[in-house]
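> Any chance you could fold what I've pasted below:
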Amino acid sequence: MLFSRHLRAARAAGGPGPLAEGGRHDHVLEDQAGVVGIARSRGPAVLVAGDVCGADGAEVAAAVSGVLGGGREPTAVLDGFHGEFVVVVADPGDDEVTVVASRSGIRPLFVHHRSGGELLVADDLGALAAALVGRGVPLRPDRAFFACVVAELPTDPIAGPLQPTPYQGVLRVPPGTRLTIGTGLGRPVRYWRYWERDLLRRSEVLDAVRDSLRRAVELRTVPGATGVMLSGGLDSSSVAAMAARYARGGPPRCYTTFLAGDRSLDERRHAAAVTSAIGAKGRFLDATGRWSFRDVPDLSRPPIAEPRQGWFYAQEVHLAEAAAADGVRVLLDGNGSDDLFGGDFNNGDGRLTPWRPGSRVPLLAPIRLLSTLSRACPRPLTRPVVYRPELLPSLLSPEVVREIDLVGLANARLADLNDLDLDPMTKGRLLTFGGGSDRVVAGYAWGQREVFGPRGLTWRQPFYDHRLIETAFSVPMDMLLSRAVKKPLLRKAVTPLLPSSTVRRKYNGAFDALVRTGLTQERERLVACTEGAMLGKLGIVDEQIFHNKVRGLTYDHDGGDPANPMEHHHVWNLLVCELWLRDHAERSRLIL
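Numbering: from 1, shown residues only. Have a look, this model is predicted:
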């Protein structure tokens, strides 16, 4: 979807007609790709783009149009609709445009406001960049964006100001917010405050979690054409079991990728136990020897819209091709369960802590007592969450750290969280839930655009359903925690549906092994990419340090410096950004 607002005299002759007329501007839908609903009336026009689950996009557009007629905000009716979609409201009467971001950001929303009043809004960064190139607008890389990606700065869990993108002047609307644009860009207003929930009675919790998960899965299935990305772990197995038990059209098809010879990345035996128990067909796909990074530059393919890439690219491509050949239209997975049910309240995103005097407090108190104290004495137990300079990766050049003030930027992202009058346990949950959203959620959007969408598939994450998230934040905190196992509440909720071996299975966090495997397989190409690095030309990194780190990590299968466990994450991010910059340089799309 690409929407524009510009002065009537400035509209190109022969272009698409206006979506809404009146006032000084034309409001034009230049590209309908991804648009699922349009409502036109004598007042504002409403566009809906994205993935609406369990309803038609036209129903969403009509409902929004109805509340606008009553003088209410466009977000007033969105609670009744599931999925990840964005809304654009064009009001020709006062020349304002209101954009509504999807709740979790899995369907992204970008804006570009030019001098002279032209506004561009898109749910695909590539489409917006192409529109700017077509208008003769030079694209320049945003150094702050690349530095933030490499450093993995904490996400603002409350969603504050507009967020940077790879291109200067193009901004991302934070998830769960709405933004009204008149003569300029304002500050987004959060409409979805999922943490403001009344606690459930303890006797109601299990049924509430089961019902919410069941509904989340059920709404995202397509009868006879649903697949599940099944690892055999608790999360994806829970989704598969719910789909088999409650979705129409029979059990889903289940797909499991594996790397032969690596026990931590070969989970066929666990997946087979699940498919046997739920009566589903399973396929095992050997991804051994497949590269991890997308092979760029390759000018025969469209440019990658954004420098993001998940760790499972090779496996996902293999899986998507198999599922499409089987006639699957929707693929479900278990992503998001860790954030909701993992109980990682201790340090927030792993580096930050809301506890006074420090992160050891939760480890020394009984869980039930800790939950009670956290709510009863929030001020004495809570301290501001602070990002410290020592958390920045050594790969970044000192100049970019000083010029952009990354520490100050990170703490600005945490300011809204610190302003909330919340206890440390709730703040820790918000940090955990939002801690990886910039990186993780952008990875889902990237996967849909680059991997699944081109093969005719829709990739859906039931654990990101808004009602399930709200239910999880209504659970008394101590019921989510255990010193013995991870995700105790989810285990109890799905016990009737899964084999006992799956419910009791320990958490397998061997994803770092996959990163190291990918780096090792692509050693020569990736080391070569550090020669004359674009990131060095931008002053983001020191070229020699970058080269040495990549060479050390690709040859060192143990994963680099044990004193810096995040190092291979930072190197991965650097390589993704470097390959993206090289691809764009080959196409002459960027002015460096």
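
> Confirm A243 sits in a strand?
No: with DSSP: H, G, I helix; E, B strand; the rest coil as the criterion, A243 is assigned helix and is not in a strand.

> so it touches G334, yeah?
No: with contact defined as C-beta atoms under 8 Å, A243 does not count as touching G334 (11.4 Å). Placement of C-beta: from N, CA and C, glycine included.

> Which of the two has more residues huddled nearby?
Neighbour count, other C-beta atoms under 10 Å: between A243 and G334, A243 has more, with 29 against 22.

> what's the spacing between the more buried one and P157?
Look at A243 and P157: by C-beta to C-beta, to the nearest Å, they are 30 Å apart.

> again with V228
Separation of V228 from P157 (C-beta to C-beta) stands at 29 Å.

> more crowded one of those two?
V228 (35 against 24).

> Any regions of the stretch 301-450 of the chain where pLDDT drops low?
301, 310-311, 343-351, 355-368, 434-439 (pLDDT under 70).

> State the pLDDT value of V99.
Looking at V99, its pLDDT reads 95.

> Could you measure from it over to P499?
V99 sits at a distance of 46 Å from P499 (criterion: C-beta to C-beta).

> Looking at these two now, which is surrounded by more residues?
V99 (25 against 16).

> isn't there a strand covering the more buried one?
Yes: the assignment for V99 by three-state DSSP puts it in a strand.

> State whether it and P174 are indeed in contact, as I suppose.
No: the criterion here is C-beta under 8 Å, and V99 misses it with P174 at 11.3 Å.

> how about the top helix by length along the chain: buried residues?
Using DSSP state H to define each element, the chain has its longest helix at helix 567-586. Residues 567-584 are the ones in helix 567-586 that count as buried (16 or more other C-beta atoms under 10 Å).

> Same question for stretch 197-213.
Using 16+ other C-beta under 10 Å as the test for burial, stretch 197-213 gives 200, 205-206, 208-210, 212-213.

> From those residues, pick the one nearest A533.
Of all these, A533 sits closest to L213, with 44.9 Å by C-beta to C-beta.

> Kindly spell out which helices and strands sit in contact with the helix or strand hosting that closest one.
In the assignment (DSSP states H and E), L213 maps to helix 205-219. Where contact means 3 or more C-beta pairs under 8 Å, 6 or more residues apart in numbering; DSSP states H and E, helix 205-219 is packed against strand 82-91, helix 234-246, helix 466-472, helix 488-494.

> Looking at those, which is nearest to A322?
With C-beta to C-beta, the closest approach to A322 among the helices and strands packed on helix 205-219 belongs to helix 234-246: 16.0 Å.

> With distance to R42 and mean pLDDT as new columns, can the helices and strands packed on helix 205-219 be given to me in TSV?
Putting these into TSV (distance: least, C-beta to C-beta, whole Å; pLDDT from 0 to 100) gives the following:
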stretch	distance to R42	mean pLDDT
strand 82-91	11	94
helix 234-246	43	95
helix 466-472	32	95
helix 488-494	49	93
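
> Name the nearest residue to the residue nearest the centre of the chain, ignoring sequence neighbours.
Centrality entry for the chain: nearest residue to the mean C-alpha point is V441, 0.6 Å, by C-alpha atoms, centre = their mean. What sits nearest to V441 in space, not counting adjacent residues and going by C-beta to C-beta, 6 or more residues apart in numbering, is G105, at 4.6 Å.

> Give me the neighbour count for that neighbour.
G105 has 27 neighbours, counted by other C-beta under 10 Å.

> Please identify the helix or strand for it.
Secondary-structure assignment from DSSP H and E places G105 in no helical or strand segment.

> cool, and P175?
Using DSSP H and E, no helix or strand contains P175.

> from memory it sits against V100, does it?
No: if you go by C-beta under 8 Å, P175 and V100 don't touch, sitting 10.5 Å apart.

> circling back to that earlier point, for the longest helix of the chain, what is the distance to the chain centroid?
Put simply, helix 567-586 sits 19 Å off its chain's centre (C-alpha atoms, centre = their mean, to the nearest Å).

> Average pLDDT for that helix, rounded please.
Per-residue pLDDT values over helix 567-586 give a mean of 84.

> Strands of the stretch 1-150 of the chain, residue ranges please.
With DSSP state E, counting those that start in this stretch, the ranges of strands along the stretch 1-150 of the chain come out as 2-7, 18-20, 25-31, 35-39, 45-53, 82-91, 96-100, 110-113, 119-122.

> among these, which is nearest R460?
Closest among the strands of the stretch 1-150 of the chain, using C-beta to C-beta: strand 45-53, at 7.0 Å.

> By mean pLDDT, show me the worst of the strands of the stretch 1-150 of the chain.
Here the lowest mean pLDDT among the strands of the stretch 1-150 of the chain goes to strand 18-20, at a mean of 66.

> ok, how many other residues are close to P488?
Residues lying near P488 (other C-beta under 10 Å) number 16.

> separation between the closest residue to it other than its chain neighbours and V209?
Residue nearest to P488 in three dimensions, not counting chain neighbours: S482, with 4.0 Å by C-beta to C-beta, 6+ apart. Note on S482: its distance to V209, by C-beta to C-beta, is 15 Å.

> next one: D26
Remark: distance between D26 and V209 (C-beta to C-beta) = 49 Å.

> cool, S236 as well?
S236 is 17 Å from V209, by C-beta to C-beta.

> D198: what's its closest spatial neighbour, skipping adjacent residues?
Nearest residue to D198 in three dimensions, chain neighbours excluded: S474, at 6.5 Å (C-beta to C-beta, 6+ apart).

> now do A159
A159 sits nearest to P174 (C-beta to C-beta, 6+ apart), 3.5 Å away.

> any idea how far L391 is from that neighbour?
In this view, P174 and L391 are 22 Å apart by C-beta to C-beta.

> Neighbour count for these two, which is higher?
When neighbours are counted by other C-beta under 10 Å, P174 and L391 differ, and P174 comes out ahead with 23 against 17.

> Phi first, then psi, for the more buried one.
The phi/psi pair for P174 (degrees, to the nearest 10) reads phi -60, psi 150.

> surely it meets P157?
No: contact status for P174 versus P157: not in contact, 10.2 Å apart, counting by C-beta under 8 Å.

> so where does the residue nearest to the centre of the chain fall, helix or strand?
Assessed by DSSP H and E, V441 sits inside helix 437-447.

> what angle do that helix and helix 567-586 make?
Taking axes from the mean of the first three to the mean of the last three C-alpha atoms, to 10 degrees, one finds helix 437-447 and helix 567-586 inclined to each other by 50 degrees.

> Go through stretch 162-172 and flag the buried ones.
So for stretch 162-172, counting by 16+ other C-beta under 10 Å, buried means 162-172.

> So which of the residues you listed sit within helices?
Using DSSP H, no member of the buried residues of stretch 162-172 sits in helices.

> between these, which is nearest I545?
Set against I545, the nearest of those by C-beta to C-beta is P166 (22.4 Å).

> residues contacting that closest one?
Shown in contact with P166 (C-beta atoms under 8 Å, 6 or more residues apart in numbering): 125, 141-142, 145-146, 306-307, 580.

> Now for those: which two are most distant?
Going by C-beta to C-beta, the pair spanning those furthest: L125 and F146, at 14.5 Å.

> thinking again about what came up before, so can I have CSV of the buried residues of stretch 162-172 showing pLDDT?
Listed next are these as CSV, based on pLDDT from 0 to 100:
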residue, pLDDT
L162, 89
Q163, 89
P164, 90
T165, 92
P166, 93
Y167, 94
Q168, 94
G169, 93
V170, 95
L171, 94
R172, 93
